[in-house]
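# please find the sequence and the predicted model below.
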Amino acid sequence: MKTETRKKLFGLLGALVLIFAVLSITAPTQMHAEQSIVINRPVGYVFNYLRSLRAGEQWSPWFKMDPDMKVEYRGPDRSVGGIVAWDGNKNVGSGEQEIKAIERNKRIDYELRFKKPMEGISTAYLATEAVEGGTKVTWGMDSPMPFPFNVFGFLMNCKGMIEKVYAEGLANLKTTLEK
């Protein structure tokens, strides 16, 4: 290899390492994704529907990403301790979601325990609020993004991807509940 070519290659490699190092310091180590929609139904009606983990099969985009996904429900549906576990294709991976807290007609908090494609724990929630014209539903997620995942998550726009799926799910929820 010629000396000039080698210098260019090492220069490019050095620039990539520098960019990666800067991103590792500046990329966020926490991700917050959130989307909202207003559903033309009373808050009690919407909240009661959302409490059911099984109802997610009707509106959650994750179920559409893998119609053959294996799903198992454990514990009390609609209550703290209720769990839905899944094992699916590369689009959904595998893991489980557990209801951790319920504040009647206001909020349901979940713990997401991912197993594949990579292990991790995140928190998620569905919040409801009575507004003019019905119920505002907010679907959100908070996830740690330690190095080097913070860099890859930033470059791949994980937040944007999650928010797109949440927007689709909330639109499905609106359609389902307003029938």
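Happy to help now that I have it.
# now the element after the lowest-mean-pLDDT helix or strand in the chain, going C-ward?
Here the helix or strand of the chain ranked lowest by mean pLDDT, DSSP states H and E is helix 149-156, holding a mean of 56. Using DSSP states H and E, the next helix or strand after helix 149-156 towards the C-terminus is helix 158-177.
# residues contacting that following helix, please?
31-39, 41, 45-46, 49-50, 58-62, 137, 139-141, 145, 153 (CB atoms under 8 Å, 6 or more residues apart in numbering). Where C-beta positions appear, they are placed from N, C-alpha and C, glycine not excepted.
# and the buried ones among those residues, selectable in ChimeraX?
The buried residues among these can be selected in ChimeraX (16 or more other CB atoms under 10 Å) with this line:
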select :31,33,34,35,37,39,41,46,49,50,59,60,61,62,137,139,140,141,145,153
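# among the contacts of helix 158-177, which lie within helices?
45-46, 49-50, 58-59, 61-62, 153 (DSSP state H).
# which one is Lys70 nearest to, not counting chain neighbours?
Asp87 (4.6 Å; CB to CB, 6 or more residues apart in numbering).
# isn't that neighbour up against Asp68?
No - contact criterion CB atoms under 8 Å: Asp87 and Asp68 do not qualify, at 10.2 Å.
# more neighbours: these two, which one.
Asp87 (16 against 6; other CB atoms under 10 Å).
# need the contact list for the more buried one.
69-70, 94.
# not counting sequence-adjacent ones, nearest residue to Thr128?
Counting by CB to CB, 6+ apart, the residue nearest Thr128 is Phe47, at 4.8 Å.
# low-scoring stretches of the protein, by residue?
1, 10, 14-29, 144, 146-157 (pLDDT under 70).
# can you show me the strands along it?
30-39, 70-74, 83-87, 94-103, 107-116, 120-131, 134-144 (DSSP state E).
# any chance of those in CSV, with distance to Ala171 too?
As requested, the strands of the chain are exported to CSV (distance: least, CB to CB, whole Å):
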stretch, distance to Ala171
strand 30-39, 7
strand 70-74, 22
strand 83-87, 21
strand 94-103, 20
strand 107-116, 19
strand 120-131, 15
strand 134-144, 11
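# isn't Gly95 up against Pro117?
No - counting by CB under 8 Å, Gly95 stays clear of Pro117, with 10.0 Å between them.
# more crowded one of the two?
For Gly95 versus Pro117, the count of surrounding residues by other CB under 10 Å is larger for Gly95: 19 against 11.
# thanks again, I'm all set now.
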